[in-house]
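>>> Just the structure for this:
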Amino acid sequence: MKPLVSATELKELLAHERAVLLDARSGPGARARYDEAHLPGAQFVDLDEDLARRAANPAHGGRHPLPPIADFGTLLGKLGIARDTHVIAYDDKSGANAAARVWWMLRAVGHADVQVLDGGLQAATAAGIPMRSGAEARATAAPYPVSAWQLPTASAHDVERASREGSALIVDVREAPRYRGEVEPIDLVAGHIPGAENLPFAGNLASDGRFLAPETLRSVYEAFIGVHAPADVVVHCGSGVTACHTLLGFAHAGLPIPKLYVGSWSEWSRNDHPDG
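Residues are numbered from 1 along each chain as shown. As a prediction, the model looks like this:
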């Protein structure tokens, strides 16, 4: 299944009730915004509570470490997601926060039938898909069978080695000013991992908020990673969320999915590592 679904395609799917929608909007007031207006039938998933398990100290896993995999399997069952369920995730940031994280996590437990709404909630409303308010009925299922995260990840140790030895290409997808250390609105230290190259995730998108064409992104990524195979590329951001937007972009471009450094800058910068 292709990783993106257009608003027009979604409209057709909704007419036949053939998908489970997940509203992955995040940030202050996200749940209230969902309660006020969301796509028909969509269930809300909380970035902090459902898609991560916050550690007491972000130095161990970053600000959005992955939850225990069994907990994620239980959540999927509560959302009515079984192995044959078609899942579509959306947010209001063109998939960057945190619909792409939903996509990555489902792919990482072996679920193939998952897509992100291209252009996000804005594209859906522009296509004339009506909104609803309040709670939605939920058809639950048994806990989703999970055993291990199946997509490649990199640990802080792996990234430290890559930074020191050049054993992998480290890709920082944060905005250029954060990468350069000119600003840091969230974490304690500004800068970047030594040796990391900057490829801001916003470059995955056209001016209308939709992903660039697959062949365009493929050219961009292949030129950027050069001689490195995707398996030797580690992608990170601030806390392992928007990095998934670029991993989604790789899949959209028909390329293998690189490694995700889940802890990202929020972990690295709290462990007395050097900054670039």
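>>> what are the phi and psi angles of the nearest residue to A42 once chain neighbours are set aside?
Distance criterion CB to CB, 6 or more residues apart in numbering; nearest residue to A42, sequence neighbours excluded, is L21 at 3.9 Å. Every C-beta, even on glycine, is put in place using the N, C-alpha and C of the backbone. Listed backbone geometry of L21 is phi -100, psi 140, with angles given as degrees, to the nearest 10.
>>> Counting neighbours, what do you get for L21?
Number of residues near L21 (other CB atoms under 10 Å) recorded here: 23.
>>> gap between the closest residue to R174 other than its chain neighbours and A32?
Distances taken as CB to CB, 6+ apart put C237 closest to R174, at 5.4 Å, once the chain neighbours are dropped. In this view, C237 and A32 are 26 Å apart by CB to CB, to the nearest Å.
>>> any idea how far P3 is from L51?
Using CB to CB, one gets 17 Å for the distance from L51 to P3.
>>> no wait, A168
Using CB to CB, one obtains 23 Å as the distance from A168 to P3.
>>> hmm, back to that, between C237 and A32, tell me which one has more neighbours.
Residue environment comparison for C237 versus A32 gives the larger neighbour count to C237, 28 against 8, counting by other CB under 10 Å.
>>> Could I get the pLDDT score of that one?
You'll see C237 listed with a pLDDT of 98.
>>> try A42
pLDDT, the model's per-residue confidence, is 97 for A42.
>>> now G276
pLDDT for G276: 67.
>>> can you offset everything so residue one is 820?
With the count now opening at 820, the last piece we talked about shows up as G1095.
>>> so where's the stretch 870-1019 of the chain shaky on pLDDT?
Along the stretch 870-1019 of the chain, no part satisfies pLDDT under 70.
>>> Look up phi and psi at F1030.
F1030 has phi and psi values of phi -60, psi 150 when expressed as degrees, to the nearest 10.
>>> hmm, I was thinking of W923
According to degrees, to the nearest 10, the main-chain angles of W923 amount to phi -60, psi -40.
>>> Figure out the helix or strand that the residue lying closest to it once chain neighbours are set aside lives in.
For W923, ignoring the flanking residues on the chain, the nearest one in space by CB to CB, 6+ apart is C1063 at 4.2 Å. Using DSSP states H and E, C1063 maps to helix 1062-1071.
>>> which residues touch that helix?
821-823, 913-915, 917, 919-920, 922-923, 926, 935, 970, 990, 992, 1018, 1020, 1023, 1030, 1033, 1036, 1040, 1049, 1054-1056, 1075-1077, 1079-1080, 1083 (CB atoms under 8 Å, 6 or more residues apart in numbering).
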